[in-house]
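Trainee: Build me a model:
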Amino acid sequence: MSQSDIDTLSAQDAPEFAPAQFVRWFREVAPYVHRFRGKTFVIAFGGELVRDGMLSTLIPDLSLMSALGIKLVLIHGSRPQVNEQLRVKGHDMRFGRRNEPTSAAALECAKEAAGEIRLDIEAAFSQGLPNTPMSHAQIRVISGNFVTARPMGVIDGVDYKHAGAVRKIDTNSILRSLEHEAIVLLSPLGFSPTGEAFNLAMEELALNTAVAIRAEKLIYLTPNGIATKDLGAEIAGELARIEADKLLSAGQLDDDSTVFLESASQAVKRGVPRAHLVPYPQDGGVLLEIFTHDGVGTMVVEDKLDDLRPATLDDVGAILQLIEPLEADGTLVPRGRAVVEREVERFTVLEHDGIIYGCVSITPYLSENMVEMACLIVQSEWQGEGEGELLLRHAESRAKTLGATHLFVLTTRTSHWFIKRGFMQGSVSNLPKEKQAQYNRSRNSLVFIKKLK
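Mentor: Down below sits the predicted model:
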């Protein structure tokens, strides 16, 4: 689903099409709902989001995620608000993106800013006017002294005073609150055993919290996603951690992107399965990132999530969902569950983030050095990224590993696709004798054969 589809579709533009589109979208979301129900997400955002008036659109989306069974820990920043307080009170210092010394006056400004933002967030979750996204939502927000901090101390001769680092996260208390269906809200402040307060970096707090509670996802809502200094490069939607580290080493990212990506990479390195950078100006960005295949931000993982693997009996239902529409329109020969279960070891599936969206099967006829490829399918809404070629290359590789010299397919509707990829049209007489005996002449399928190099 492209963003252009979302932007162009409206009740006025397509009153008859919209219901069908809604049903299709809703069904596509279902696998993600099943996958993430009961999982814990840490969602962190800076004070810039609050300053830009985005709470009113973010909170209903978070409320929806909570209603779908996702456990949420929210962590907010307050840098622009603290800087404004410092300006109003006549102080010269301003906080930048990196950790900086925090004076007693700056700490008081940080406390005031954190308190105001916390109240604004709690108020936003408390609204429930009829005919609004928050209608009937009853969300409890719990905040408190969940974070134990320590002073950063003196670094390279500079006393950081009231700037702190995370020492410990009260994991048990946070998890108990989540089990009672509350949203946990953390401010960028921590407290020492002696009762002192310390100013914390939001990114560090989010990273340590996600690691401590073993969150499924760490999501940073950022001003621009990932942006380069010259804004000229396009950043991939999914990065393996090693790729993210190379990008950081190149030094071409702007300051915001560098800080967020460094934290995302560290989170994945320390065991968080996925870390996301999502641009908060995108309306519904967090929903699009979580509940659509491509998302709208950048996801960092230890390894890429596209997984080509052998099918198992647990995959039969998903394979049938891919096959049945093509059986219904005559593109594929009907097989049925029993046949797929019996031949499941012939199938390879293409999986992304736990969702199967492609498959292919191979059947060897090694007495004649041939392998048949069948059921090469990629779900229509996920096509266009080379997945079909990936499945084809995999089938060719398996065929060569088995010792075959030729790969063949039978098709009624996709001959041009195979011709473009090096297949030559043959005849039934070119097929293995066993396959000739099984050939369904009423379908009159075309035969295409590729010599394996």
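Trainee: Residue 51: what's it in contact with?
Mentor: The contact partners of residue 51, by CB atoms under 8 Å, 6 or more residues apart in numbering, come to 80-81. Quick note: C-beta positions are derived from backbone N, CA and C, even for glycine.
Trainee: ok, now how distant is it from residue 156?
Mentor: Relative to residue 156, residue 51 is positioned 32 Å away (CB to CB, to the nearest Å).
Trainee: Same question for residue 450, what's its three-state structure.
Mentor: strand (DSSP: H, G, I helix; E, B strand; the rest coil).
Trainee: same check, this time on residue 214
Mentor: Classified using three-state DSSP, residue 214 is coil.
Trainee: tally of neighbours for it?
Mentor: 12 (other CB atoms under 10 Å).
Trainee: Help me confirm that it comes into contact with residue 271.
Mentor: Yes: counting by CB atoms under 8 Å, residue 271 is a contact partner of residue 214 at 7.1 Å.
Trainee: low-confidence ranges in the protein?
Mentor: Low-confidence segments of the chain (pLDDT under 70): 1-17, 129-132, 229-236, 304-306, 384-385.
Trainee: Strands of the stretch 251-400 of the chain, start to end?
Mentor: Ranges of strands in the stretch 251-400 of the chain, per DSSP state E, counting those that start in this stretch, are 274-279, 298-301, 306-310, 347-352, 355-365, 370-378.
Trainee: Can you lay out those as TSV showing mean neighbour count?
Mentor: TSV is the format used below for the strands of the stretch 251-400 of the chain (neighbours: other CB atoms under 10 Å):
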stretch	mean neighbour count
strand 274-279	24
strand 298-301	24
strand 306-310	13
strand 347-352	20
strand 355-365	20
strand 370-378	23
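Trainee: With respect to residue 23, which of those strands lies nearest?
Mentor: strand 355-365 (18.6 Å; CB to CB).
Trainee: what about the closest one, distance to the chain center?
Mentor: 25 Å (CA atoms, centre = their mean, to the nearest Å).
Trainee: Also stretch 417-429?
Mentor: 38 Å.
Trainee: same check, this time on stretch 328-345
Mentor: How far stretch 328-345 lies from its chain's middle: 31 Å, per CA atoms, centre = their mean.
Trainee: now do stretch 364-375
Mentor: For stretch 364-375, the distance to the chain centre is 38 Å (CA atoms, centre = their mean).
Trainee: Please report the distance of residue 77 from residue 142.
Mentor: 19 Å.
Trainee: Mind checking which of those two has more residues around it?
Mentor: Shown here are residue 77 and residue 142; by other CB under 10 Å, residue 77 has more neighbours (26 against 17).
Trainee: In this structure the more buried one contacts residue 46, no?
Mentor: Yes: Residue 77 is in contact with residue 46 according to CB under 8 Å; the separation is 3.7 Å.
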